[in-house]
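J.: all I have is the shape, not the residue letters:
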Ligand SMILES: [Zn+2]
């Protein structure tokens, strides 16, 4: 549980590190400050969101609908087996299956 509290600060630290690294490189190439600011903010947001998403994807449990062709799924982060089982049943019996045609 403590690990999840540290997730966003850790992701933001990685994002800030990447952003500062690129800011230094762009400054060395004499890029205008406003252009550097735009690139740094975009890099910070993108890298922070990507690290956050990758960590969540790696630590979450995904329950998928078992109907062939249905892409419904539930992704949860819990260590409670009862709650995980309840979400597994919910994913298996959701009311509207979204069937996507397969080639
Ligand atoms: Zn379904």
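T.: Here it is on my side, so go on. Not measured: the values here are computed from a predicted model.

J.: what does the pLDDT read for residue 87?
T.: Residue 87 is assigned 89 on the pLDDT scale.

J.: touching, it and residue 76? I think so.
T.: Yes: the pair residue 87 / residue 76 is scored as a contact, 5.3 Å apart, by C-beta atoms under 8 Å. Yep, even glycine has a C-beta here, placed from its N, CA and C like the rest.

J.: find residues that contact each of the two.
T.: Residues touching both residue 87 and residue 76 (C-beta atoms under 8 Å, 6 or more residues apart in numbering): residue 63.

J.: quick one: buried residues of stretch 67-75?
T.: 70, 72, 74 (16 or more other C-beta atoms under 10 Å).

J.: with stretch 89-103 instead?
T.: residue 91.

J.: before we move on, back to that, quick one: which of the buried residues of stretch 67-75 sit in helices?
T.: Using DSSP state H to define helices, no part of the buried residues of stretch 67-75 is located there.
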